[in-house]
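Enquirer: sequence and predicted structure below; questions after.
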Amino acid sequence: MSDLIIYNTLSRKKEIFKPLNPGHVGMYVCGPTVYGEAHLGHSRPAITFDLLFRYLKHLGYKVRYVRNITDVGHLVNDADEGEDKIAKKAKVEELEPMEIVQLYTNSYRRNMGQLNVLPPSIEPSASGHIIEQIEAVQQLIDSGFAYEINGSVYFDVEKFASVHTYGKLSGRKIEDLYSNTRDLDAQSEKRSGLDFAVWKNAAAEHLMKWPSPWGEGFPGWHIECTAMSTKYLGESFDIHGGGLDLLFPHHEAEIAQGMACYGHDPVHYWMHNNLITINGQKMGKSLGNFITLDELFTGSHALLEKAYSPITIRFFILQAHYRSPLDFSNDALQAAEKGLERLLKAVALLDKLIPASVSTVNVPELSDKFYAAINDDLNTPVLIAHLFDGVKLINSANDGKATINEGDLTLLKRLYHDFTFDILGFRSESAEGVSDHEAILGDVVDLLLNLRVEAKNNKDWGTSDKIRNSLIDLGFEIRDNKEGFSWELKK
RNA sequence: GGUCGGUUGGCCGAGUGGUCAGGCAACGGUCUGCAAAACCGUCUACGGCGGUUCGAAUCCGCCACCGACCUCCA
């Protein structure tokens, strides 16, 4: 089998993945800021790195996957400068800040569960790691790469750049950064416009603040990831992931902080997923053009023609490569919905296939193609295309136009189980949690269709068609076959 | 303005210097009492202009358009 190859943003090349410690992988991904409902944009990094998490485990690695919850210290960008974003929302809704945090953390986890995103190994919150962040800030001061002014602590980018390289991840040159920021530099207490806060002094009305050696305040945005990734994965770890929009300054700052504290790069493989766009524009909270996951699942948004199931969303996202932009549209989502259905139907058919003495299909070759696709920087669109090649084989075999022997059938079943469910994380949504009511409904439909079979045997097409058409009108799909019939409740 | 990335058929979306992406939709056929599902077939695209090459959508140059980021915040 080929090696797993990952595109490393740091080198801008595809590289063979080699873990620092054989058999083990440490992976850190930037999680959500919990001050609002999760939207479609949030699902892309979650699903992308869930796929990687699942695949690494499939390959036999012991993976520690850390995805943080950001719940402190983010300033509002429009009005009320200096006020904590979470605190602001709290005032609006007259809730405790931590109540907001809990509310949206819960809803984020619920949405991720619906998308069949596995919980990470550790999901640390920034507010739970204030001590570690203060220690990291102190370490930066001790190393000489940060300075304190008026109760705030800033990272000294100029000093850092005199010893190390700043901007190597995002490809920015420090001279360009200077020339770009000259104008914006006026009001700041920072020594340079390039410097960024690692600890921020809190105003009196500020709700979320903690005591520190520099007074009451809250941690700078970038420091939480440095503190928490170091705590749980070490000073060096394998993979750091996140959205492309975090590349600069956030991830660049993380590298600088890591270098400043430990003298070496914290991360071996940087991975960035591209963004989901809507009408060609980034979907984001600040732009107000986002659709929440709950809205997608229920269809309650003006832009939605219908509801889309969580697994349809997952399929939609994985049918594009994670490094390509993906544009939202009803047409694309509906195409994904149909395609997913076709795939799952064929996988279900596998269990009903009867083995033949010889195979007319090459299952090992199909297997090689699956692995080659996913090993090539998680190329899920190609993987899914090959999955559909197999769907054709399965359906042909079911039609008696192809045959599969017992060994190949066993392999094929395992292959589809591994890739469709374990790795890609799809699942059949109708099958789960069948209530008593639904079970009885199923029996009633069977009853009607058995009556229809009787009518058909009597060539009573009128009654036969009446039963079928009435069920179709109610939203069922009816399929006749040699054994009798099968049915499905659509929508 | 700077940096980086993109422009593929009706829609979505892969990919490669010469040979099938795949899904959805559409059309024709097989099957069926008629349908549905399934299968077979059709639909042959790569922003524009130059260049390299026996051959480029794939490499190079220029142009156009689009997007992300540009250090307060996400």
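Expert: That came through, no problem.

Enquirer: is the one helix or strand residue A:390 maps to anywhere near RNA strand B?
Expert: Element membership of residue A:390 [criterion: DSSP states H and E] is helix A:380-398. Yes - when contact is scored as CB under 7 Å from any atom of the strand, part of helix A:380-398 falls within range of RNA strand B: A:381-382, A:384-385, A:388-389, A:391-392, A:395-396, A:398. For the C-beta atoms, the positions are set from N, CA and C on the backbone; glycine is no exception.

Enquirer: of the residues you listed - the most surrounded one?
Expert: Neighbours here mean other CB atoms under 10 Å. Within those, the largest count is held by residue A:384, at 22 neighbours.

Enquirer: leaving out chain neighbours, which residue sits closest to that one?
Expert: For residue A:384, the nearest residue in space outside its immediate sequence neighbours is residue A:319; the separation is 5.7 Å by CB to CB, 6 or more residues apart in numbering.

Enquirer: can I assume that neighbour is in contact with residue A:336?
Expert: Yes - A contact is recorded between residue A:319 and residue A:336 when judged using CB atoms under 8 Å, the distance being 6.0 Å.

Enquirer: and the pLDDT for residue A:83?
Expert: Each residue has a pLDDT score; the one for residue A:83 is 58.

Enquirer: now swap in the one 3 residues further on and tell me
Expert: Reported pLDDT at residue A:86 in the predicted model: 72.

Enquirer: then residue A:459?
Expert: Taking residue A:459 on its own, its pLDDT is 83.

Enquirer: can you say which helix or strand has it in it?
Expert: Using DSSP H and E, residue A:459 is not contained in any helix or strand.

Enquirer: can you count the residues close to it?
Expert: Using other CB under 10 Å as the criterion, residue A:459 is surrounded by 8 other residues.

Enquirer: what sits against it?
Expert: For residue A:459, no contacting residues are found, by CB atoms under 8 Å, 6 or more residues apart in numbering.

Enquirer: thinking again about what came up before, so between residue A:319 and residue A:336, which is more surrounded?
Expert: More neighbours sit around residue A:336 than around the other of residue A:319 and residue A:336, counting by other CB under 10 Å; the figures are 21 against 18.

Enquirer: the nearest residue to the more buried one once chain neighbours are set aside in helix, strand or coil?
Expert: Spatial nearest neighbour of residue A:336, chain neighbours left out: residue A:316 (4.0 Å); criterion: CB to CB, 6+ apart. Taking DSSP: H, G, I helix; E, B strand; the rest coil as the rule, one finds residue A:316 in the helix state.

Enquirer: roughly how far does residue A:316 sit from RNA strand B?
Expert: Between residue A:316 and RNA strand B the computed distance is 7 Å (CB to the nearest atom of the strand, to the nearest Å).

Enquirer: same deal with residue A:295?
Expert: Computed with CB to the nearest atom of the strand, the distance linking residue A:295 and RNA strand B is 18 Å.

Enquirer: doesn't that residue belong to a helix?
Expert: Yes - if the criterion is three-state DSSP, then residue A:295 is within a helix.

Enquirer: these two touch, right, it and residue A:304?
Expert: Yes - Residue A:295 is within contact range of residue A:304, at 6.9 Å (criterion: CB under 8 Å).

Enquirer: ok, the two, which is more surrounded?
Expert: residue A:295 (19 against 16).

Enquirer: give the contact list for the more buried one.
Expert: Residues touching residue A:295, when contacts are defined by CB under 8 Å, 6+ apart, comprise A:301, A:304.

Enquirer: cutoff 10 Å now
Expert: If a contact means CB atoms under 10 Å, 6 or more residues apart in numbering, then residue A:295 has A:37, A:39-40, A:301-304, A:307-308 as its contacts.

Enquirer: filter those to the buried ones?
Expert: By neighbour count, with 16 or more other CB atoms under 10 Å, the contacts of residue A:295 hold A:37, A:39-40, A:304, A:308 as buried.

Enquirer: from the residues you listed, which ones fall inside helices?
Expert: Using DSSP state H, the members of the buried ones among the contacts of residue A:295 that fall in helices are residue A:40.

Enquirer: TSV for the buried ones among the contacts of residue A:295, including distance to residue A:96 and pLDDT?
Expert: Written out in TSV, the entries for these read as follows (distance: CB to CB, whole Å; pLDDT from 0 to 100):
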residue	distance to residue A:96	pLDDT
A:37	19	91
A:39	24	92
A:40	29	93
A:304	33	90
A:308	34	93
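
Enquirer: hang on, the earlier thing: tell me which of the contacts of residue A:295 is nearest to RNA strand B?
Expert: Distances from these to RNA strand B were compared by CB to the nearest atom of the strand; the smallest belongs to residue A:39, at 10.4 Å.

Enquirer: pull the contacting residues for the closest one.
Expert: Listed by CB under 10 Å, 6+ apart, the contact partners of residue A:39 are A:32, A:111, A:276, A:283-285, A:289-296.

Enquirer: who is it paired with across the strands?
Expert: residue A:292 (DSSP bridges).

Enquirer: next one: it from residue A:292, what distance?
Expert: Taking CB to CB, to the nearest Å as the criterion, residue A:39 is separated from residue A:292 by 5 Å.

Enquirer: one more: residue A:143?
Expert: Plainly put, residue A:143 is 42 Å away from residue A:292 if you go by CB to CB.

Enquirer: compare those two (neighbour count), which wins?
Expert: Just comparing residue A:143 and residue A:292: by other CB under 10 Å the higher neighbour count belongs to residue A:292, 19 against 15.

Enquirer: just the CA atoms of the helix holding residue A:390, as CSV, please.
Expert: Written as CSV, here are the backbone C-alpha positions of helix A:380-398 (Å, rounded to 0.1, in the frame of the first residue of the first chain):
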residue,chain,number,x,y,z
THR,A,380,-12.1,12.1,-1.0
PRO,A,381,-13.7,13.2,-4.3
VAL,A,382,-11.6,10.7,-6.1
LEU,A,383,-12.2,8.1,-3.4
ILE,A,384,-15.9,8.7,-3.7
ALA,A,385,-15.7,8.4,-7.5
HIS,A,386,-14.1,5.0,-7.0
LEU,A,387,-16.7,4.1,-4.5
PHE,A,388,-19.2,4.7,-7.2
ASP,A,389,-17.3,2.5,-9.6
GLY,A,390,-17.9,-0.3,-7.1
VAL,A,391,-21.5,0.7,-6.8
LYS,A,392,-21.9,-0.1,-10.5
LEU,A,393,-20.3,-3.5,-9.9
ILE,A,394,-22.6,-4.2,-6.9
ASN,A,395,-25.7,-3.3,-8.8
SER,A,396,-24.6,-5.3,-11.8
ALA,A,397,-24.0,-8.3,-9.6
ASN,A,398,-27.4,-7.8,-8.2
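
Enquirer: fine by me, we can end here.
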